[in-house]
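A.B. asks: Okay, here's the prediction I keep looking at, along with the sequence it came from:
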Amino acid sequence: SAASSDYPLRDVYKRQSDALVWLVPGMIRDKVAFLIKSLPKNQRLQFNPLQDSITQFLEYVTTPENFLQQFIQFAEQVKGVKLNYLDLLKYKFPVALCAHFRISERNKVIAASDDLEQLKLELAPRLSNIVVKHSAAGQIKNLAAYIPELTQLLTEVKLGDGGKLTGYHSLIVETDSSVTYGVVSELGKAQKSTFAGWNRLIKMQLKEQYKYYLSKKMSGFNQVSLVFREEYNSEQLNIAICDYVFRVAIANALGDELLYTAEEFAALVQTVRQNLSEIYLELTKVLAASSQLYSQVKTALNHHELAEVILLQLDDLIFPDFLGFVKWAFLQHYPRYLRALQIRLERYANNRERDERMDDEINLVYNKWYNYVDELEAKHKVVISKLYDFKYKIEELRISLFAQEIRTLYPVSVKRLLAELEDLYLENLA
């Protein structure tokens, strides 16, 4: 049976799951031995004598995090053996070497499972509630402007349980869209929550400008609304356009910075105010061009042999509330993507065989990307944005294969994208 490993709720989020899975008390040497014995014979022999190699490796390890990556480095640097991370992931520990995790609170087991990521996902709200409870006295609700306490954002704060429970000062956007200065349980969550909080606070300072853009419907709005009627009704589209303009202007001004003085915040608001008009104009141009091309492509699909294939691609680009999800870095290129689709449809009849070959190459990359994302989500991993955004590189690949005259933004090929995709997958696992 699997060995049990006990962790207090407050501690389980402080360590990478990879480290907790490996460092089961009394089992680390057996796990490393199993890993070595699972290698192909020509590689396995380089680790003889086995127990000496295990000792060497454990002395080589500098941190319990990223254990497999360190084993790969050890194998290459000390044993002269090159290993592949994805190959090592295929080796599944027998039940006797697996960990069974028990999570406790106040000396009482509150959850248990072999799947640590699922446990962390299920228990996150509970830990958050505990942190909120212990930090409630210091919360400042209904923020409408900058306050001095915001200089403490993202700093660690010790709470109850003799200071063993910790959290991080953060801005929190509540369900009613109000902003609270409070504490959240994890630094990553605090960073994400604080970014959303700054976004909301800046928007509050520009409420008159927001009303103005909401009342000022873009040129050609009725035609755009008609084309995207399956994704938005007229009112929803108008709000989505305004929200998008403000979101892009604020994101451009914020960058990666999350800490501001009162003076810096005031300058930030002014920068956003100055940039709204230019972003609004650019967005309206992109939406007008995209809606026209989208309509033309949909018309061209009538009775076309590629209809099913192209509709799937269109669904990846245009979907309900797509303005709420697609970054400006990619939305501004929608006219290029849609024009490439149009060119492909126009040329298909003259070279069906070539189109099928190119489509097979695209599917090789697309299916691998889709399966990687699906697998990571199934494992309850937080998928990094670079991996989600990779799908737009597949759009560039489509341009390079079907509409070369449009020109890609950067060099792309099936081989190049497959290699990059594997690197992103490994980065996400780490």
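C.D. replies: Great, that's in hand.
A.B. asks: Quick check: next helix or strand after the least confident helix or strand in the chain by mean pLDDT?
C.D. replies: Lowest by mean pLDDT, DSSP states H and E among the helices and strands of the chain is helix 17-22, with a mean of 62. Going down the chain from helix 17-22, the next helix or strand is helix 28-37, by DSSP states H and E.
A.B. asks: Touching whichever helix or strand comes after that following helix from outside, list them.
C.D. replies: Under the assignment DSSP H and E, the closest C-terminal helix or strand after helix 28-37 is helix 41-44. With Cβ atoms under 8 Å, 6 or more residues apart in numbering as the test, helix 41-44 has contacts from 36, 37, 75, 81, 83. For glycine as for every other residue, the C-beta is placed from the backbone atoms N, C-alpha and C.
A.B. asks: how about a cut-off of 7 Å?
C.D. replies: Applying Cβ atoms under 7 Å, 6 or more residues apart in numbering, the contact partners of helix 41-44 are 36, 37, 81.
A.B. asks: again, but for stretch 131-147
C.D. replies: Contacts for stretch 131-147 (Cβ under 7 Å, 6+ apart): 149, 159-160, 165, 167, 178-185, 201, 204, 262, 265.
A.B. asks: and what of stretch 179-189?
C.D. replies: Counting by Cβ under 7 Å, 6+ apart, residues outside stretch 179-189 touching it are 13, 127-128, 131-132, 135, 139-141, 143, 147, 149-150, 157, 167-174, 190, 193, 197, 200-201.
A.B. asks: and what of stretch 259-274?
C.D. replies: Identification of contacts with stretch 259-274 by Cβ under 7 Å, 6+ apart yields 146, 151, 153, 154, 202, 205, 206, 209, 249, 250, 253.
A.B. asks: can you map out the strands along the stretch 301-430 of the chain?
C.D. replies: Using DSSP state E, counting those that start in this stretch, no strands are found in the stretch 301-430 of the chain.
A.B. asks: Correct me if wrong: residue 36 contacts residue 47.
C.D. replies: Yes - with contact defined as Cβ atoms under 7 Å, residue 36 and residue 47 form a contacting pair (4.8 Å).
A.B. asks: Overlap in contacts, these two.
C.D. replies: residue 53.
A.B. asks: Which one's more surrounded, those two?
C.D. replies: Neighbour count, other Cβ atoms under 10 Å: between residue 36 and residue 47, residue 47 has more, with 24 against 20.
A.B. asks: Which residue is the nearest non-sequential neighbour of the more buried one?
C.D. replies: The shortest distance from residue 47 to any non-neighbouring residue, by Cβ to Cβ, 6 or more residues apart in numbering, is to residue 53 (4.2 Å).
A.B. asks: I'd guessed that neighbour sits against residue 46; true?
C.D. replies: No - between residue 53 and residue 46 no contact is recorded; they are 8.4 Å apart, counting by Cβ under 7 Å.
A.B. asks: Touching, residue 241 and residue 219? I think so.
C.D. replies: No - if you go by Cβ under 7 Å, residue 241 and residue 219 don't touch, sitting 11.7 Å apart.
A.B. asks: Between the two, which has more neighbouring residues?
C.D. replies: Using other Cβ under 10 Å as the criterion, residue 241 and residue 219 rank with residue 241 on top: 23 against 11.
A.B. asks: by contact count, what packs against the one helix or strand that one maps to?
C.D. replies: Residue 241 is part of helix 234-254 when elements are defined by DSSP H and E. Counting by 3 or more Cβ pairs under 7 Å, 6 or more residues apart in numbering; DSSP states H and E, the packing neighbours recorded for helix 234-254 are helix 187-205, helix 207-215, helix 262-300.
A.B. asks: Out of the ones you listed, indicate the one that is most buried.
C.D. replies: Mean neighbours per residue, mean count of other Cβ atoms under 10 Å, is largest over those for helix 187-205, with a mean of 19.
A.B. asks: how about the CA coordinates for that one, as PDB?
C.D. replies: Below are the C-alpha coordinates for helix 187-205, written out as PDB (Å, rounded to 0.1, in the frame of the first residue of the first chain):
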ATOM      1  CA  LEU A 187       1.700  35.100  -3.400                       C
ATOM      2  CA  GLY A 188       0.700  34.100  -7.000                       C
ATOM      3  CA  LYS A 189      -2.900  34.700  -6.200                       C
ATOM      4  CA  ALA A 190      -2.000  38.000  -4.500                       C
ATOM      5  CA  GLN A 191      -0.200  39.200  -7.700                       C
ATOM      6  CA  LYS A 192      -3.100  38.200 -10.000                       C
ATOM      7  CA  SER A 193      -5.700  39.700  -7.600                       C
ATOM      8  CA  THR A 194      -3.700  42.900  -7.200                       C
ATOM      9  CA  PHE A 195      -3.300  43.400 -10.900                       C
ATOM     10  CA  ALA A 196      -7.100  43.100 -11.200                       C
ATOM     11  CA  GLY A 197      -7.500  45.500  -8.300                       C
ATOM     12  CA  TRP A 198      -5.300  48.200  -9.900                       C
ATOM     13  CA  ASN A 199      -7.300  47.800 -13.100                       C
ATOM     14  CA  ARG A 200     -10.600  48.400 -11.200                       C
ATOM     15  CA  LEU A 201      -9.200  51.300  -9.200                       C
ATOM     16  CA  ILE A 202      -7.900  53.100 -12.300                       C
ATOM     17  CA  LYS A 203     -11.200  52.600 -14.100                       C
ATOM     18  CA  MET A 204     -13.000  54.200 -11.100                       C
ATOM     19  CA  GLN A 205     -10.900  57.300 -11.600                       C
END
